[in-house]
Each structure stands twice: as C-alpha cells, then as structure tokens.
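Q: here are the coordinates; sequence isn't available:
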C-alpha cells in the first residue's frame with residue numbers, strides 16, 4: 001500500500017523543513033511513498049527549487065500566503081499556518097486515494113514511516129498522557145479517507161471557529177476525538193507520543209518521529 005506525507009512551511013521554517021524532507025528520503029522505503037506534499041506559505045523560489053531538485057516525488061502546493069513567523073509562536077503568521085493545515089488536509093483527503101500522513105515541518109524521521117501503517121485504524125492520532133490537551137495536531141494519519149472525511153471536516157470547522165491567541169489546532173482535535181470515540185464507530189488509533197512525537201532526548205528504541 002502506498003501512502004503520502006503532507007507538511008506546511010514558510011521561509012522561516014525552511015531549515016526545519018530541510019531536516020524533515022531529507023530524513024524522510026533517507027529513512028523511508030520510497031517504493032511505498034507516493035508523494036511528499038509541501039504546502040507553501042511563503043517559501044522563496046530558491047528554497048522551492050532545492051526540494052524540487054531533490055526528488056520527483058516532492059510536490060509543492062503554493063497557497064499565495066507569505067508568512068514569516070511574524071509575532072512568534074501564537075502570533076498572526078503562526079496562526080495562519082496552523083489554522084490552514086486542516087483546510088489543506090480536508091481538501092487532500094477528498095482528492096487522494098492513498099493514506100495521507102500530516103506532520104509538522106519541524107520534525108525528524110528516524111525510521112521508515114511505513115511501519116506506522118501496521119498500527120492500522122481508520123485514522124491515527126498522537127496521544128499525550130497527563131496533558132489536558134490529550135491529542136496533539138503535529139501528527140495525524142488519515143488511512144481510510146472515506147471514513148475520516150467527516151472527522152477532518154469537523155476538525156477543520158472547529159479550528160477555524162476559534163479566535164484569539166493560543167493553540168487552536170490541538171484543542172479542536174481533542175474535542176473531535178473525544179466526541180467521535182463516544183458517538184461513532186470510527187476506528188481511531190492512539191499512537192504513543194514517544195513513538196510519533198518524541199520531544200526530549202534521547203529517542204527510545206520505538207521512536208519513529210522526533211519533534
């Protein structure tokens with residue numbers, strides 16, 4: 001089974017994006033990886049050329065936004081990038097046939113991402129133990145698009161409806177997961193944070209993705 005990866009970046013995140021893309025190309029079996037989609041919110045032409053020259057599986061979708069981390073974390077540019085992620089995810093889930101893994105741009109891949117498919121489910125989310133926001137939006141794997149489209153649409157709408165400074169993506173994801181687990185038979189698989197969102201050194205033997 002083939003799968004694709006999508007991430008979002010502007011020119012300020014270019015150094016992180018290089019690490020992510022190069023680690024994917026280095027660690028993943030490319031016979032299973034159909035495309036790497038980069039949602040471009042302000043990369044320079046030189047930066048885009050770097051990725052396009054790396055591999056023909058890299059596709060760049062330019063949005064027209066020109067963000068550059070103005071205002072820092074939770075600033076206006078950060079909000080535009082984060083809120084836009086679910087919009088692009090929803091559009092792609094409606095268009096693509098293969099499973100789609102959405103990752104933040106500031107991640108490092110340590111092992112073949114294809115192994116994550118073995119955990120199955122209609123979709124996969126990263127669970128954070130002992131955190132009031134139980135699920136983090138830096139990792140989201142839509143495997144069965146026909147069953148996940150409604151979920152992604154609800155996540156998108158909820159994220160877009162929130163206002164003010166602060167993180168909106170992950171709290172909205174948590175609300176959606178909690179509701180769907182209680183009210184539907186959607187098969188939501190919880191992936192451990194140490195596996196797909198390891199955020200402090202050193203990685204464990206099971207770590208696939210470092211954030």
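A: Thanks, I have it. The model shown is predicted, which means the values in this text are computed figures rather than measured ones.
Q: list the buried ones in the helix or strand where residue 53 lies?
A: If you go by DSSP states H and E, residue 53 is part of helix 45-54. Buried residues in helix 45-54, defined by neighbour count with 16 or more other C-beta atoms under 10 Å: 47-48, 50-51. Using the backbone N, CA and C atoms, a C-beta is placed for each residue, glycine as well.
Q: what's the average pLDDT for it?
A: The pLDDT scores in helix 45-54 average 97.
Q: check stretch 117-125 too.
A: Per-residue pLDDT values across stretch 117-125 average out to 97.
Q: residue 122 - how many residues pack around it?
A: Neighbour count for residue 122, taken as other C-beta atoms under 10 Å: 20.
Q: so it sits against residue 147, correct?
A: Yes: using C-beta atoms under 8 Å, residue 122 makes contact with residue 147 at a distance of 4.4 Å.
Q: which neighbours do those two share?
A: When contacts are counted by C-beta atoms under 8 Å, 6 or more residues apart in numbering, residue 122 and residue 147 have 186-187 as shared neighbours.
Q: okay, and the beta partners of residue 58?
A: residue 36 (DSSP bridges).
Q: isn't it right up against residue 36?
A: Yes: Residue 58 lies in contact with residue 36 (C-beta under 8 Å); the separation is 4.9 Å.
Q: common neighbours of these two, please.
A: residue 21.
Q: compare the two (neighbour count), which wins?
A: residue 36 (24 against 19).
Q: wait, the more buried one touches residue 17, no?
A: No: using C-beta under 8 Å, residue 36 is not in contact with residue 17; the gap is 10.3 Å.
Q: what do the two both touch?
A: Residues within reach of residue 36 and of residue 17 at once, by C-beta under 8 Å, 6+ apart, are residue 7.
Q: pLDDT wise, what is the residue lying closest to residue 42 once chain neighbours are set aside at?
A: Nearest non-adjacent residue to residue 42, counting by C-beta to C-beta, 6 or more residues apart in numbering: residue 10, 3.8 Å away. For residue 10, the model assigns a pLDDT of 89.
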